[in-house]
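# My questions are about this predicted structure, shown below with the sequence.
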Amino acid sequence: MIRSEGILADLMGLFLLLGLFLSHVEAGGSVLQFGPFAGAALFAIGGLVVFGCLVFRPVSAIILAALLAIVVHFGAYALISELGDREFVPGGGFWCLVIAAWLGAWILADMLSAFEPRDANARRLIGLAVPFLFGVWLLVLWELIVRGFGVPTVLLPPPSMIMDRFASSTSILWADFRQTYLKAVIAGFVMGCGSGFVVAILVDRIPFLRKGLLPVGNLVSALPVVGIAPIMVMWFGFDWPSKAAVVIVMTFFPMLVNTVAGLAASGAMERDLMRTYASNYWQTLFKLRLPAALPFIFNALKINSTLALIGAIVAEFFGTPIVGMGFRISTEIGRMNVDMVWAEIVLAAIAGSLSYGLLALVERTFTFWHPSYRN
């Protein structure tokens, strides 16, 4: 057992014992009844068994990780279920068990990170499991803390409430997604990144543009979106073209700057070699300089995939038809429907993450030769 894992295991065992003891005391000293219901008590007992396995290691690391995963997630379910009882008031024992479950999840993540299987698919699966586990436990702690401390839903609704609203409002969310993402974001992203790439080629080809256009580009890229959006609404109307125009402004200059930097990334020795082959500018560009610039270009695309969504949503605050993610957020927050606002945020996060992930997969396909992707 590594040192950090041993410390975490000791802390988990300590909080499990404290949880059992305090729950026993809070229940009035009854031998057969604890403060948390039977599931939470079973979690504490099972957690102590797993703690013993962590200390003495009677089974393999894979089996131990599987046991730990079952126990901590059963514990999370049991603790969340107990909060559904309106008569239950969480006490010290409950929160000790919450901390113990969180420490168990931390140990599980450490154990998964330490696994180094020879099979590539197994390594990829573990690489996905660790961030997934981290995300799940952020939601678990969010649910437990918000409901356990009775935080008003107007300030912060629990994830369960947000998911219920998300599931019951799919038609509204789809209409907002289609208006904001499928129309404004995609159109603005394609036009902004495409024009930035073309202008970068011209800047690279015409030297005076580099000295004249790039400083102007840095100035325009520093303009706040809240200042650009109302102007674009006045120019292009309230529908999606004005939001696409904001996205173009936000995505143009990151693509321009990154592409210009990428075109300068090829080494002098490679360029000299192309000259010895009597290559002209365009042959050197397409066979040497653009392939070398691909990591920079994909970096701009990934950055712009999130900037585009943010720009379109903010632009909808300044005028839009009665549909759209930004419109829905600004309207529902005025009605104090915070769960709907969070449902729109979840939708935006899913769309942005999928866009970024898709671009990352395409980048890996085209830049497999880059040192960052070599084993």
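Yes, it's here. Residues are numbered from 1 along each chain as shown.

# Wait, Phe21 touches Leu97, no?
No. If you go by CB atoms under 8 Å, Phe21 and Leu97 don't touch, sitting 11.1 Å apart. For glycine as for every other residue, the C-beta is placed from the backbone atoms N, C-alpha and C.

# ok, now how distant is Phe166 from Leu79?
Noted for Phe166: a distance of 23 Å to Leu79, by CB to CB, to the nearest Å.

# If you count surrounding residues, which of those two has more?
Leu79 (27 against 19; other CB atoms under 10 Å).

# And that one, which helix or strand is it part of?
Following DSSP states H and E, one finds Leu79 within helix 61-82.

# and what of Met191?
Element membership of Met191, judged by DSSP H and E, is helix 186-205.

# what's that helix packed up against?
Judged by 3 or more CB pairs under 8 Å, 6 or more residues apart in numbering; DSSP states H and E, the packing partners of helix 186-205 are helix 207-221, helix 240-263, helix 290-315.

# Residues contacting the first one, please?
It stands for helix 207-221. If you take CB atoms under 8 Å, 6 or more residues apart in numbering as the criterion, helix 207-221 is touched by 199, 202-204, 249, 252-254, 256-257, 260.

# what about it, distance to the chain center?
From the chain centre to the centre of helix 207-221 is a distance of 33 Å (CA atoms, centre = their mean, to the nearest Å).

# now the second one
Using CA atoms, centre = their mean, the mean C-alpha position of helix 240-263 is found 22 Å from that of the whole chain.

# likewise the last one?
In this view, helix 290-315 has its centroid 16 Å away from the chain centroid, taken as CA atoms, centre = their mean.

# mean confidence score for that helix?
Across helix 290-315, pLDDT averages out at 89.

# Leu155 sits in which helix or strand?
Using DSSP H and E, Leu155 falls within no helix or strand.

# Does Ile172 touch Met325 like I think?
No. The pair Ile172 and Met325 does not pass the contact test of CB under 8 Å, sitting 10.4 Å apart.

# neighbour-wise, which of the two wins?
Taking other CB under 10 Å, Ile172 and Met325 do not tie; Met325 has more neighbours (26 against 16).

# List the contacts of that one.
176-177, 179-181, 312-313, 316, 344, 347-348.

# cool, Leu108 as well?
Counted by CB under 8 Å, 6+ apart, Leu108 has contacts 65, 68-69, 72, 133.

# With pLDDT, distance to Asn121 and neighbour count added, can I get those residues in a markdown table?
As requested, the contacts of Leu108 are exported to a markdown table (pLDDT from 0 to 100; distance: CB to CB, whole Å; neighbours: other CB atoms under 10 Å):
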| residue | pLDDT | distance to Asn121 | neighbour count |
| --- | --- | --- | --- |
| Ala65 | 84 | 18 | 19 |
| Leu68 | 86 | 23 | 24 |
| Ala69 | 88 | 19 | 18 |
| Val72 | 89 | 25 | 27 |
| Leu133 | 90 | 18 | 18 |
